[in-house]
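> My questions concern the predicted model and sequence given below.
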Amino acid sequence: MAPVPSVTLNNGVEIPQLGFGVYQIPPEDTQEAVATALEVGYRHIDTAEMYGNEKGVGAAIAASGIPRDEIFVTSKLNNGFHRRDDALRAFDRTLEDLGTERLDLFLVHWPLPGIDVDYVETWKAMEEIYAGGRCRAVGVSNFQPHHLRRLFAETQVRPAVNQIEVHPYLVQDEVRAFDADHEIVTEAWSPIAQGKVLGDPVVVRIAQALDRTPAQVVLRWHVQRGDVVFPKSSSRERMAENFALFDFELGAEDMTALTALDRGERTGPDPDTFNYVP
Ligand code: NAD
C-alpha cells in the first residue's frame, strides 16, 4: 500500500492528508470502527464533541497498541461552549474523553455568527488553549473569508486549518483560494457528499476508464487539489477502498471535468445562517 503523504500546517506540524471521519458513527460502534480503520492503515481520525463518540475514538487508540504520537487526532469545540470559560472546560473534557494528554488539532466547529457570543471571543480562547501546549495546532471549521478576516484583524494566532464542506457539487474554489493565500490548509468535509456524487455520470465514466471506484476517483480529485480528506465508512471494505488513493493519478482533463460538476449545492447547513446551539 502506497504511503499517505503529509501536509505541513502553518506552524510546522504535519497532518496526514487522508484520515478517517467518525460523524454519525453511533457511540457504541465507534471503538470497533476506529479499530478497523487503524488496522486498515489510517493514522488520522476526525471526531468532534458534537458527535458524542470521542470516548470510543480514545478507547480504540488505547487498545491498538499504536504509539499515540503516530496517530493524528482532531476534535472540535461544540456550539454550546463558545464563551471563553466554557471553551477551556470543553477542551479539558475532550482530552479526558479521548484519554489523551495532548490533542493534535482542535477546531471551532461553527462560527455561529448570530448567537450572543462573538466568535472572536471563542478564537481568543482557542489561542489560550494553544498557548497552554496541550494542543499542537488550532483551527476553525465552516468559516467564510469574512469571518476569517475578523480573526486576522482582532487576534494573534492564524488558524492552521479551515474545515469546510467540499465535493464536486460544491467545489468552494473561492474559500479554498482565500485559505491558501493566508497559509490555512483546507480540509474537505463530506468529501463524497455523503455518497450523492458517486452516481454522477461523469464520475462513473472516469472511474470505469481508470478501473477505479467512483469514491476513489472523487477522493483522488480532492488529494490532487491539495485538500485534506477523511471519508466516513463503517465497513472494512469501503475503508480499504477509500484508503487506496496513492497509486494512481487523474489527468488534467478528468480533474477539470470533475471540478466542472460544481452546482453550489450544500449537503449541510450554510455557515452564514447556521446558529444552532444544542
Ligand atoms: P462522506 O462524504 O465521507 O460520506 C459518508 C457516506 O458515504 C456514508 O454513508 C458511507 O457509508 C458512504 N461511503 C463511504 N465510502 C464509500 C464508498 N467507498 N462507496 C460508497 N459509499 C461510501 O460524509 P461525512 O461523513 O458527512 O463526512 C466525512 C467526515 O467529515 C465526517 O465523518 C466528519 O469527520 C467530517 N464532517 C465535518 C463537518 C463539520 O461541520 N466540520 C460536517 C460533516 C462532516
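Received it, and whenever you're ready, just let me know what you need.
> Tell me how many other residues surround the nearest residue to residue 64 once chain neighbours are set aside.
Nearest non-adjacent residue to residue 64, counting by C-beta to C-beta, 6 or more residues apart in numbering: residue 38, 4.9 Å away. (C-beta placed from N, C-alpha, C; glycine too.) For residue 38, the neighbour count with other C-beta atoms under 10 Å is 21.
> mind listing the strands in the stretch 101-250 of the chain by residue range?
Using DSSP state E, counting those that start in this stretch, the strands found in the stretch 101-250 of the chain span residues 103-108, 135-141, 161-165, 185-189, 228-229.
> Within the sheet, what are the partner strands of the longest one, with directions?
Going back to what we said before, that points to strand 135-141. According to DSSP bridges, strand 135-141 forms sheet pairs with strand 103-108 (parallel), strand 161-165 (parallel).
> Let's have those strands in TSV, adding mean pLDDT and mean neighbour count.
Formatted as TSV, the strands paired with strand 135-141 follow (pLDDT from 0 to 100; neighbours: other C-beta atoms under 10 Å):
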stretch	mean pLDDT	mean neighbour count
strand 103-108	99	24
strand 161-165	99	24
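> Show me which residues of the stretch 51-200 of the chain sit near the ligand.
109, 141, 142, 163, 189, 190, 191, 192, 193, 194, 195, 198 (C-beta under 6 Å from any ligand atom).
> how about the residue of the chain found nearest the ligand, what does it touch?
Closest residue of the chain to the ligand, C-beta to the nearest ligand atom: residue 21 (2.4 Å). By C-beta atoms under 8 Å, 6 or more residues apart in numbering, the contact set of residue 21 is 46, 189, 230, 231, 232.
> Can you read off the pLDDT for it?
Listed pLDDT for residue 21 reads 98.
> Next up, phi/psi of it, please.
Reported as degrees, to the nearest 10, the phi and psi values for residue 21 are phi -100, psi 140.
> in the sheet, who's paired with it?
Residue 21 forms beta bridges with residue 46, as assigned by DSSP bridges.
> residues touching the residue nearest to residue 64, list them.
For residue 38, the contacting residues are 60, 61, 64, 66, 71, by C-beta under 8 Å, 6+ apart.
> Number of residues surrounding residue 233?
Look at residue 233: counted by other C-beta under 10 Å, it has 22 neighbours.
> which residues touch the residue lying closest to it once chain neighbours are set aside?
Leaving aside its chain neighbours, residue 233 sits nearest to residue 239 (5.2 Å; criterion: C-beta to C-beta, 6+ apart). Contacts here follow C-beta under 8 Å, 6+ apart; on that basis residue 239 touches 20, 36, 37, 40, 42, 233.
> The same query, at a cut-off of 6 Å, please.
Residues near residue 239 by C-beta atoms under 6 Å, 6 or more residues apart in numbering: 37, 40, 233.
> Let me know the pLDDT of residue 1.
pLDDT recorded at residue 1 is 75.
> That one - nearest residue in space that isn't next to it in sequence?
Nearest in space to residue 1, with sequence neighbours left out and distances taken as C-beta to C-beta, 6+ apart, is residue 41 at 6.1 Å.
> Next, count neighbours for the one you found.
15.
> that older thread, now distance to residue 26, neighbour count and pLDDT too, for the contacts of residue 21, in JSON lines please.
Shown next, in JSON lines, are the contacts of residue 21 (distance: C-beta to C-beta, whole Å; neighbours: other C-beta atoms under 10 Å; pLDDT from 0 to 100):
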{"residue": "46", "distance to residue 26": "16", "neighbour count": "26", "pLDDT": "99"}
{"residue": "189", "distance to residue 26": "19", "neighbour count": "22", "pLDDT": "98"}
{"residue": "230", "distance to residue 26": "18", "neighbour count": "26", "pLDDT": "98"}
{"residue": "231", "distance to residue 26": "18", "neighbour count": "26", "pLDDT": "98"}
{"residue": "232", "distance to residue 26": "12", "neighbour count": "21", "pLDDT": "98"}
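> Show the pLDDT at the residue lying closest to residue 221 once chain neighbours are set aside.
The shortest distance from residue 221 to any residue other than its chain neighbours is 4.7 Å, reached at residue 258 (C-beta to C-beta, 6+ apart). Per-residue confidence (pLDDT) for residue 258: 99.
> ditto for residue 60
On the pLDDT scale, residue 60 gets 98.
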